[in-house]
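*Asks:* next input, structure requested:
(one chain, ligands or ions: 1)
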Amino acid sequence: MARKPIIAGNWKMNMTPAEAKELIAALIPLVQDAAADVVICPPYLAIPTAAELVKGTNIALGAQNIHWAEKGAFTGEISAKMLKEVGVSYAIIGHSERRQYFGETDETVNMRAKAAIAAGITPIICVGESLEERETGKTEAIVSAQTEKALAGIEAKDVKILVIAYEPIWAIGTGKTATKEQANETIACIRNTVKKLYGEETAEAVRIQYGGSMNPKNAAELMAMPEIDGGLIGGASLKAEDFSKVAKY
Ligand code: PEP
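*Replies:* I've put the predicted structure just below:
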């Protein structure tokens, strides 16, 4: 069965609630006829505003992270239950900026992914290699290990419906995109890891996005590759016109 493409916008720490309102109002008519699943991931503070605005549209709402505990003494964190209650259905987990600046590890990525699944939120699990790792031929080993650790203890039925984002760190926010061949090949390697762990049916069902300087100019050629099921978009998700062009590649 063909996998439905999924285009998600990671707004990072951009957009106040008022700015989010403007961006979403502009985006709604532009993506209403998109064939792909369309997701926006605003900062937490803008999520309630966003939730009201996207009601009844084809735009789904995602968070940029999730804590693994349901509640408790975790100052500054947000739980899956809280996000679910305000209408969040996806959560980016283990983005390289979280791994690089906030001490996220493969173990905490796994815990966060499990918490999302338990709350009925679809995780978008990010994996990807650094420039040095690519240049020294370690890409496949790195992304396979990250995938295996992120999925540890998660059942096949849940793996089938989650999303993995292959994001080479050297391509994020740099304007440098992986070539379509590089992206396709590494995503094939991630799918093969899922196949080894869960079998063919699960591997064929799981959606794997590419992320890293994807924009209106390169989206079509990336999306034409057989292994690439969508995109996780940073910079280009902050302009309605650009994001809609990617969503309708
Ligand atoms: C990202 O942060 O997930 C990302 C892909 O960013 P950009 O599109 O700006 O490279």
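*Asks:* restricting to C-alpha, output the helix or strand bottoming out on mean pLDDT in the chain in CSV.
*Replies:* Using mean pLDDT, DSSP states H and E, the weakest-scoring helix or strand in the chain turns out to be helix 131-135, at a mean of 94. Listed next in CSV are the C-alpha coordinates belonging to helix 131-135 (Å, rounded to 0.1, in the frame of the first residue of the first chain):
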residue,chain,number,x,y,z
LEU,A,131,29.2,16.2,8.8
GLU,A,132,32.2,14.4,10.3
GLU,A,133,30.3,11.2,10.6
ARG,A,134,29.2,11.4,6.9
GLU,A,135,32.7,12.2,5.8
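*Asks:* quick one: residues in contact with it.
*Replies:* T139, I142, P168, I169, W170 (CB atoms under 8 Å, 6 or more residues apart in numbering). (Glycine included, C-beta is placed from N, CA and C.)
*Asks:* which of those has the most neighbours?
*Replies:* P168 (27 neighbours; other CB atoms under 10 Å).
*Asks:* run through who's touching the longest helix seen in the chain.
*Replies:* Assignment by DSSP state H gives helix 180-198 as the longest helix of the chain. Residues outside helix 180-198 that contact it (CB under 8 Å, 6+ apart) are 127, 139-140, 143-144, 147-148, 151, 156, 159, 164, 166, 168, 178, 202-204, 206, 208, 210, 221-222, 224-228.
*Asks:* show me how to select, in PyMOL, the buried members of these.
*Replies:* Buried members of the contacts of helix 180-198, defined by 16 or more other CB atoms under 10 Å, are picked up in PyMOL with:
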select buried, resi 127+139+140+143+144+147+148+151+156+159+164+166+168+178+202+203+206+208+210+222+225+227+228
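*Asks:* in helices, which of the contacts of helix 180-198 fall?
*Replies:* Among the contacts of helix 180-198, DSSP H puts 139-140, 143-144, 147-148, 151, 156, 159, 202-204, 221-222 in helices.
*Asks:* of all these, which comes closest to the ligand?
*Replies:* Nearest to the ligand, judged by CB to the nearest ligand atom, of these is L222 at 11.6 Å.
*Asks:* quick one: contacts for the closest one?
*Replies:* For L222, the contact set (CB under 8 Å, 6+ apart) comprises T177, K180, A183, Y210, M214, I228, G231.
*Asks:* just the residues you listed that are near the ligand?
*Replies:* Residues of these in contact with the ligand (CB under 6 Å from any ligand atom): M214.
*Asks:* so which of the contacts of L222 are in strands?
*Replies:* Among these, the ones falling in strands (DSSP state E) are Y210, G231.
*Asks:* near the ligand, which residues of the chain are found?
*Replies:* So the chain meets the ligand at 10, 167, 172-173, 211-214, 232-236 (CB under 6 Å from any ligand atom).
*Asks:* narrow these to just the buried residues.
*Replies:* Those of those that meet the buried threshold are N10, E167, I172, G211, G212, S213, M214, L232, I233, G234, G235, A236, by 16+ other CB under 10 Å.
*Asks:* residue of the protein closest to the ligand, please.
*Replies:* At 2.1 Å from the ligand, G234 is the closest residue in the chain, using CB to the nearest ligand atom.
*Asks:* tell me which residue of the protein is furthest from the middle?
*Replies:* Largest separation from the mean C-alpha position in the chain: A73, at 27.3 Å (CA atoms, centre = their mean).
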